[in-house]
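sequence first, then the predicted structure, then my questions.
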Amino acid sequence: MDKRKKMVLTASVIAGLLVVALIIGAIYKYVAPSNVKRELNTVFELGENEVALIVDNVIREEKGRKIDGQTYVPAAVASACMDERIYVDTKEKLLSYTTEGGLIQVTPGAVSYTLGREEKKAETVILSEQEDGLYISLSFIAERASCYFQEYEEPSRLVIMSDRAKTYTFAEMEDDTRVRTGPNKKYDYLTEVPEGERVIVDGTKPQENEYMAVTTLDGVSGYIPVDSVAKTEDAGWTFERTPVSFTQKALKEIVCLGWHQVTNEASSGVLSASVAQAPAMNVISPTWYALSDNKGNFTSLANAGYVAQAHAAGLEVWALVNDFADDINLNAVLGRTSSRTKLINALVASAIQYDLDGINIDFENVKAKNADAYLEFLRELVLRCHANDLVVSVDNYIPAEYNAFYNLEEQGRIVDYVILMAYDEHYSGSEESGSVSSLPFVKNGLEATVAKVPKKRVITALPFYTRLWKEIKNKSGEITLAPPTAYGMSGAESVIRANGASPKWDDATGQYYAQFKADGATYKIWLEEETSLEKKLEVVMAQDVAGVAFWKLGFERAVTWKTIDEALKKSK
């Protein structure tokens, strides 16, 4: 082979090798994973002195702050996600925190706080006012909060876990695994999770390209290959602390409470006639107080003679206060520290003046927007009442999603008694006729309550009343309801007899049911009487709760109290 042919061959070989190299390079580039590490700060998008907040595995829009080298959390986040006992009055700019040892109150910029009447020093400013709102020192929160939190640097971030009911899917790494920005190995990576460490699987995002969405324990969200997971486990987060419960001021016997509806000064001085026929009753609750404006004032029908009569009959007196007036704005009454404090002080002062044994809170118009203020009111009221040897009981609806903001869990940690109003299953505004308090309604409501509140703090309230429903059918066959009429036990039976109806037992509701026709309409009624009451009491006492209550005195019969007395004796 001559020299020229050798040169051509060599050039051809080199060209071929170059082509092969290019092909191999292209293939490698296509299949090889990215080795580029993305800066975490580009993920959290932090400005100067900002701290990312990752709460229950979700990055919040709000940011914490570094102030004088210390970490601060927005007040709203601190209260909602770290410790619900943090209450910040944004109008009067005051932080309140209730402990059983007293009420902590802090003003912006202060390096001390009051605990009751004692002043305590802090290492840093506790409440900092910035141009975009109020921030709370993490060191102050750390002393008291029962949530989990951990700080991380580069970039600054705070991981918070607060949901005690939530279940997470934890995945354990089989090998050292990179967390990537997208569901493919071609995406840049953010961090590396060592073998044996766990991540939290994001179940809201589907698997893609054999990759799953996860969040690392230090708050970095991204994607890992499915085959890098050794095993998974569904579990709740482990918390080292639990929310502190206040010491209960409790009766030494089963509570049997009767509400006495008092409407004027004349009736406020007369003890209910039912007391004489009610040997089981040990607490009477007259409806004496009612919020009257948005400044912390209330009307009162309290009567010293009434209390003296009750005490002579062996009864404790827990006066009721309601929020039923149409123009009451609970945001204004309870949200402002000054009006909330005024209301609490006045209620306790009246209780002392009239020698009461307790206060019964019947606020039925609480909304989600003022629920935090309502709970703070209850906490502060309990502190003042316990300091003056007074019991605090709170009336509540049957637990449901739409009223979850009443927060029975927190109530069960602070008030002496949570009273479950196991009635008004069908109420005056219902769209269909039905029982006021069916047996399943009581049973299910009580089970839902004791799942949230310690049994020793639960009182179940049952009705002495029912409603007569009037169904009117129009020409097109549609049924409309006239406003129902409430009757006591004897009154309801009188209506049935007067209309020739025959009550029949209804297993579904655990009650006698009757209906009749009159005035071109159909009338329906589910009776509340001794047989149905006995069955309800069996359900209640089987749960071993603290007691029972009844609305309202005067709607029952003498024999009703015999049924109650026998039921309570069986439970002892």
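That came through, no problem. This structure is a prediction, so every number in the text was calculated from the model and none was measured.

next, Gly236: phi, psi?
phi -80, psi 170 (degrees, to the nearest 10).

ok, it touching Thr167?
Yes - between Gly236 and Thr167 there is a contact at 5.6 Å, judged by C-beta atoms under 8 Å. No exception for glycine: its C-beta is placed from N, CA and C like everyone else's.

so how far is Asp202 from the residue positioned nearest the centre of the chain?
Geometric centre of the chain, nearest residue: Asn407, 2.3 Å, by C-alpha atoms, centre = their mean. Using C-beta to C-beta, to the nearest Å, Asn407 is found at 28 Å from Asp202.

my guess is Lys231 meets Phe170, correct?
No - the criterion here is C-beta under 8 Å, and Lys231 misses it with Phe170 at 9.1 Å.

neighbour count for these two, which is higher?
Between Lys231 and Phe170, counted using other C-beta atoms under 10 Å, the more crowded position is Phe170 (17 against 10).

quick one, what contacts that one?
Residues near Phe170 by C-beta atoms under 8 Å, 6 or more residues apart in numbering: Arg198, Val199, Ile200, Val201, Thr232, Glu233, Asp234, Ala235.

what about it, which helix or strand?
Element membership for Phe170 (DSSP states H and E) is strand 167-173.

that strand: partners in the sheet, and parallel or antiparallel?
strand 198-201 (antiparallel), strand 229-236 (antiparallel) (DSSP bridges).

what are the contacting residues of the first one?
Think strand 198-201. Taking C-beta under 8 Å, 6+ apart as the rule, strand 198-201 contacts 57, 168-173, 179, 193, 212-217, 224, 232.

and the closest residue to the residue nearest to the centre of the chain other than its chain neighbours, what pLDDT?
Leaving aside its chain neighbours, Asn407 sits nearest to Leu375 (5.9 Å; criterion: C-beta to C-beta, 6 or more residues apart in numbering). On the pLDDT scale, Leu375 is placed at 98.

what's the burial count for Val394?
Val394: 25 neighbours (other C-beta under 10 Å).

now do the SS call for it.
strand (DSSP: H, G, I helix; E, B strand; the rest coil).

list the contacts for it?
Per C-beta under 8 Å, 6+ apart, neighbours of Val394: Asn360, Ile361, Leu378, Gln411, Val415, Tyr417, Val418, Ile419.

I'd like the distance between the residue nearest to the centre of the chain and Tyr187.
The value you get for Asn407 to Tyr187, if C-beta to C-beta is used, is 42 Å.

please apply the same query to Lys470.
68 Å.

now swap in Val77 and tell me
Counting by C-beta to C-beta, the gap from Val77 to Tyr187 is 30 Å.

what about the residue nearest to Asn407, how many neighbours?
For Leu375, using other C-beta under 10 Å, the count is 23.

could you say which helix or strand holds it?
helix 371-387.

now for that helix, which elements pack on it?
Packing partners of helix 371-387 (3 or more C-beta pairs under 8 Å, 6 or more residues apart in numbering; DSSP states H and E): strand 86-89, strand 94-99, strand 102-106, helix 330-335, helix 337-353, strand 358-362, strand 391-396, helix 408-414.

what packs against the longest one?
Identification of packing neighbours for helix 337-353 by 3+ C-beta pairs under 8 Å, 6+ apart yields strand 289-291, strand 298-300, strand 316-322, helix 330-335, strand 358-362, helix 371-387.

the ones you listed: which one's closest to Ala278?
Closest approach to Ala278 among the helices and strands packed on helix 337-353 (C-beta to C-beta): strand 316-322, 13.6 Å.

and that closest one, what's its mean pLDDT?
98.

adjacent strands (with direction) for it?
strand 283-286 (parallel), strand 289-291 (parallel), strand 358-362 (parallel).

can you give me the buried ones in it?
Neighbour counts over strand 316-322 (16 or more other C-beta atoms under 10 Å) mark Glu316, Val317, Trp318, Ala319, Leu320, Val321, Asn322 as buried.

repeat for stretch 406-424
For stretch 406-424, a neighbour-count test (16+ other C-beta under 10 Å) marks 406-408, 410-424 as buried.

next one: stretch 79-96
Those would be 79, 81-89, 94-96, for stretch 79-96 by 16+ other C-beta under 10 Å.

switch those residues over to CSV; also include pLDDT and distance to Ala250.
Shown next, in CSV, are the buried residues of stretch 79-96 (pLDDT from 0 to 100; distance: C-beta to C-beta, whole Å):
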residue, pLDDT, distance to Ala250
Ser79, 97, 29
Cys81, 97, 32
Met82, 98, 30
Asp83, 97, 26
Glu84, 97, 24
Arg85, 98, 22
Ile86, 98, 28
Tyr87, 98, 26
Val88, 97, 32
Asp89, 97, 31
Leu94, 97, 32
Leu95, 97, 31
Ser96, 97, 26
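
straight-line length of stretch 394-408, end to end?
10 Å (C-alpha to C-alpha, to the nearest Å).

apologies, that question was intended for stretch 416-429.
31 Å.

can you offset everything so residue one is 22?
Fine by me, first position is 22 from now on; the one you just mentioned is stretch 437-450.

touching, Leu148 and Ser133? I think so.
No - if you go by C-beta under 8 Å, Leu148 and Ser133 don't touch, sitting 11.3 Å apart.

settle it for me: which of the two has more neighbours?
A side-by-side neighbour count of Leu148 and Ser133, using other C-beta under 10 Å, places Leu148 first with 23 against 12.

for the more buried one, what are phi and psi?
Per degrees, to the nearest 10, the backbone of Leu148 is at phi -120, psi 110.

bridging residues for it?
Going by DSSP bridges, Leu148 forms beta bridges with Ile157.

quick check: it vs Glu397, distance?
Distance from Leu148 to Glu397, by C-beta to C-beta: 16 Å.

just name the most buried of the strands paired with strand 188-194.
Compared across the strands paired with strand 188-194, strand 219-222 shows the largest average neighbour count, a mean of 21 (mean count of other C-beta atoms under 10 Å).

tell me how far that one is from the chain's mean position?
28 Å (C-alpha atoms, centre = their mean, to the nearest Å).

dump that strand to PDB, restricted to CA.
Provided in PDB are the C-alpha atoms of strand 219-222 (Å, rounded to 0.1, in the frame of the first residue of the first chain):
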ATOM      1  CA  ARG A 219     -36.800   9.200  55.000                       C
ATOM      2  CA  VAL A 220     -38.600  11.600  52.800                       C
ATOM      3  CA  ILE A 221     -42.400  12.500  52.800                       C
ATOM      4  CA  VAL A 222     -44.300  11.400  49.600                       C
END
